[in-house]
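1. Quick one: sequence and predicted model below, then my questions.
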Amino acid sequence: MTGPLDSASARLTATEVSQHASLEALDLTNDVEYLSRFLLQVQALFPELIPVHMRTAWRFHDRGPQDLEDELQSLGAIASASILGVRVDCCGTITAAAVTASVLAACGVPATYYLNHSAPYFDLARGRWGRPQVRASEVARELICHIALTGMEVGLHNDVWGLQDTGMDPIRSLKASLRWLRSLGIPIQGSVSHNTAWIYGVENFQVFTDFSFVDGLPRDRQPLTNMASLGLHYEANFPEPHLSRPTYTQLEYRESSSRVLSEEFMHMYLMQHPWFRRGYEYEIWAIGPDEWVIADYARHDFQYAVNSASVLEQLGSRAGQRSLGVLVLHPEYFCAGLDFATLASVFGWEMAYGRA
Ligand SMILES: [Zn+2]
């Protein structure tokens, strides 16, 4: 720390700890040891599987492996590059995000941490957001810098329609969020949608004209600008138009809102999304205590609530062959038992917190 903590910092901690407690009550979480063990297994079992930042995964997708021979060689993947982009959505917590960034760094796994500019921690870090009562939290800001300093890429977890619904101008809010993150000295190249399409009626990335391949969007959810105008190079879903129309209708998708994380919803969201398909071959999501979802688009294979052994089997079946997959993690699912004392010891803030 570079200075004394203010009261906003203390409030952040209390909020975060209570959030972890409520998540734990839902039985959604694993602990950081589980995450560490899983990542070390992946690294040990599949040296030919190369985990990368999402910006690198995007280049692999955008340009193809033949144009990236030098880079692939530097990553240790010469002939049969099997690339695994690692995406971390920081939907609601920055403390769990910072803790998991340390774990990933210790395991030698680069990842991209997408920060949600509609989340309370973003307000606290920034200090004001049209809300003068929100004081800047040095802790929240330092946690964001900590994530970058562990070697993780940082991007924006785009929830622009959510901000619009609270009265903010979508483009101005996007620009302000990006400008503030960059003011910390962190380069921001990418964005990924906070997944709330069933609430807003569209995906958040559909604010960008880059993805204007869906007709009939609501009047207040029209594409407004392109990514390049905001200095963004990629959207981490790598969205592409469907080759053929999915089975589900947009209405059915929206009606599934009460069943988020259910098998029905996850199948719809990943395998038959009404608006788009992903530009990679497979993805893996952690959704609960040793529970994962595997969506292999190339193989038309969907596995719900499988354990880590099945995930390792999936990764093993892809390792050693040219492929592009994405591992999607949410930090709060790996921080069961994380509390005030743990946080303080992890970040060396015992004395500071003791005074707060
Ligand atoms: Zn999210």
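-> Thanks, I have the structure now.

2. any chance you could map the strands in the stretch 1-150 of the chain?
-> For the stretch 1-150 of the chain, the strands defined by DSSP state E, counting those that start in this stretch occupy 49-52, 82-90, 112-116.

3. residues in contact with the residue of the stretch 251-356 of the chain found nearest the ion?
-> The nearest approach of the stretch 251-356 of the chain to the ion comes at H330, 7.3 Å away (Cβ to the ion). C-beta coordinates here come from the backbone N, C-alpha and C atoms, glycine included. For H330, the contact set (Cβ atoms under 8 Å, 6 or more residues apart in numbering) comprises V88, D89, C91, A286.

4. which of those residues lies closest to the ion?
-> Within the contacts of H330, the smallest distance to the ion is 3.3 Å, found for C91 (Cβ to the ion).

5. So which residues on this protein come close to the ion?
-> Listed as neighbours of the ion in the chain under the rule Cβ under 5 Å from the ion: D89, C91, H194.

6. Of those, which is the most crowded?
-> For the residues of the chain next to the ion, counting by other Cβ atoms under 10 Å, the largest number of neighbours falls to H194: 26 neighbours.

7. so how far is E153 from the residue of the stretch 251-356 of the chain closest to the ion?
-> 17 Å (Cβ to Cβ, to the nearest Å).

8. on that earlier part again, mind putting the strands of the stretch 1-150 of the chain in TSV, mean pLDDT included?
-> Formatted as TSV, the strands of the stretch 1-150 of the chain follow (pLDDT from 0 to 100):
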stretch	mean pLDDT
strand 49-52	93
strand 82-90	95
strand 112-116	97
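
9. Generate a markdown table for the ones you listed, with distance to P170 as supplementary columns.
-> Formatted as a markdown table, these follow (distance: least, Cβ to Cβ, whole Å):
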| stretch | distance to P170 |
| --- | --- |
| strand 49-52 | 30 |
| strand 82-90 | 20 |
| strand 112-116 | 15 |
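
10. about what we covered before: which two of the contacts of H330 lie the greatest distance from each other?
-> Using Cβ to Cβ, these span at most 13.1 Å, a distance reached by C91 and A286.

11. Residue nearest the middle of the protein, spatially speaking?
-> D89 (2.1 Å; Cα atoms, centre = their mean).

12. bridging residues for that residue?
-> Y114 (DSSP bridges).

13. I'd say it and T196 touch.
-> No: in this structure, D89 is not within contact of T196 by Cβ atoms under 8 Å, at 11.6 Å.

14. need the helices for the stretch 251-356 of the chain, in chain order.
-> Using DSSP state H, counting those that start in this stretch, the helices of the stretch 251-356 of the chain run over 263-271, 308-318, 340-347, 350-355.

15. of all these, which has the lowest average per-residue confidence?
-> The stretch with the lowest mean pLDDT among the helices of the stretch 251-356 of the chain is helix 350-355, at a mean of 34.

16. Now do V326: how many residues are near it, please.
-> Close neighbours of V326, defined as other Cβ under 10 Å, add up to 25.

17. Good, wrapping up.
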